[in-house]
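S.K.: Give me coordinates for this.
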Amino acid sequence: MPPQTGDPGTVQTATPREWLRVTIVHVSIPVILLACGGDIRWWQAWVYFLLLVAAGVGGRVWAEWRHPGLMVERDRSLSMKASDVKAWDKVLGPLMALTLSFPLVIVAGLDHRFDWSPVFPAWLSVTGLFLIAIGYAFATWALAENRFFSSLMRIQTDRGHEVCDSGPYRIVRHPGYAGNLLALPGMVLALGSVWTLVPVAVALVVAVIRTALEDRTLQEELPGYQDYTSRVRYRLFPGIY
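M.R.: Have a look, this model is predicted:
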């Protein structure tokens, strides 16, 4: 499928510096996991390393190819330069990004180092890695499908904001969040850490609150979104929420 753009005359593409920043962020997460674990032979951590970088960096390359300027939009909203970013998401957006990453890998790494949890059988580790792969793939698909996939919540009137109802958005209304949440139990199993259930629970609460606020904002402010909710009933998980 060829790249899709909003207004080609005004598109700003990501700079090498922005790509470097994205790469450093996504590499630092599994590096901290390995450092906390203190075990260079921890194969589950290395597979997680590959999955995270493939989704986090490779997925953004795919999304930017399809929607030139998306990386700039995401960076602009994340730096809060956009005046129309919702006040509540200036707190919940960074908090969700944090709870989905560093606390999980720190706890899992220390658990591995100090043997806080019982040893998980290999088949559970493989199952967990499969869940991570499926979750990250679903979230990456959402990012590449939606050219309005901003880092923080704002109605992008300057970019001709429209409802995205294709791809994974035919299944749930917030597939980016859903994919990342699906990966959470996968991390518990893959990294063999019962104690990661604590940061996982925190991440889930933050994600559900943010999803509810974002969905309400879209229903109130984005034309066509209420009609979309009548076609796609669930926000995150079909039959549940």
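S.K.: Output the lowest mean pLDDT helix or strand found in this structure.
M.R.: Least confident element among the helices and strands of the chain, by mean pLDDT, DSSP states H and E: helix 70-78 (a mean of 79).
S.K.: Past that one, which element shows up next along the chain?
M.R.: helix 89-99 (DSSP states H and E).
S.K.: what sits up against the very next helix or strand once past that next one?
M.R.: The helix or strand immediately downstream of helix 89-99 is helix 102-114, counting by DSSP H and E. Contacts with helix 102-114, where a contact means CB atoms under 8 Å, 6 or more residues apart in numbering, come from 29-30, 32-39, 42, 45, 116-117, 184, 187, 191-196, 198-200, 202-203. Backbone N, C-alpha and C define where each C-beta goes, glycine included.
S.K.: rewinding a little: tell me which other helices or strands the least confident helix or strand of the chain touches.
M.R.: Counting contacts by 3 or more CB pairs under 8 Å, 6 or more residues apart in numbering; DSSP states H and E, helix 70-78 packs against helix 16-37, helix 59-66.
S.K.: same for the helix or strand containing residue 185, what does it pack against?
M.R.: Element membership of residue 185 [criterion: DSSP H and E] is helix 175-190. Helix 175-190 sits against helix 43-53, helix 102-114, helix 122-145, helix 197-221, with contacts defined as 3+ CB pairs under 8 Å, 6+ apart.
S.K.: Give me the buried positions along the second one.
M.R.: Neighbour counts over helix 102-114 (16 or more other CB atoms under 10 Å) mark 103, 104, 105, 106, 107, 108, 109, 110, 111, 112 as buried.
S.K.: Now do the contacts for the residue nearest the centre of the chain.
M.R.: When CA atoms, centre = their mean is applied to the chain, the residue found nearest the centroid is residue 180 (5.0 Å). Each residue near residue 180 by CB under 8 Å, 6+ apart is listed here: 100, 135, 136, 139, 207.
S.K.: now those in JSON lines, with neighbour count, pLDDT and distance to residue 236?
M.R.: JSON lines is the format used below for the contacts of residue 180 (neighbours: other CB atoms under 10 Å; pLDDT from 0 to 100; distance: CB to CB, whole Å):
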{"residue": "100", "neighbour count": "23", "pLDDT": "94", "distance to residue 236": "14"}
{"residue": "135", "neighbour count": "22", "pLDDT": "98", "distance to residue 236": "12"}
{"residue": "136", "neighbour count": "22", "pLDDT": "98", "distance to residue 236": "16"}
{"residue": "139", "neighbour count": "24", "pLDDT": "98", "distance to residue 236": "12"}
{"residue": "207", "neighbour count": "22", "pLDDT": "97", "distance to residue 236": "8"}
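S.K.: Other residues contacting stretch 204-223?
M.R.: So stretch 204-223 is in contact with 86, 88-89, 92-93, 95-96, 99-100, 153, 155, 161, 163, 173-174, 177, 180-181, 184, 225-226, 229, 235-236, 241, going by CB under 8 Å, 6+ apart.
S.K.: Repeat the analysis, applying 10 Å as the threshold.
M.R.: 84, 86, 88-89, 91-93, 95-100, 148, 152-157, 161-163, 172-174, 177-178, 180-181, 184-185, 224-226, 228-229, 235-236, 241 (CB atoms under 10 Å, 6 or more residues apart in numbering).
S.K.: before we move on, what about stretch 39-46?
M.R.: By CB under 10 Å, 6+ apart, stretch 39-46 touches 30-31, 33-34, 36-37, 48-49, 105, 108-109, 112-113, 120, 122, 125-126, 128-129, 132, 187, 189-192.
S.K.: Buried subset of those residues, written for PyMOL?
M.R.: Those of those that count as buried under 16+ other CB under 10 Å are selected in PyMOL with:
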select buried, resi 30+33+34+36+37+48+49+105+108+109+112+120+125+128+129+132+187+189+190+191+192
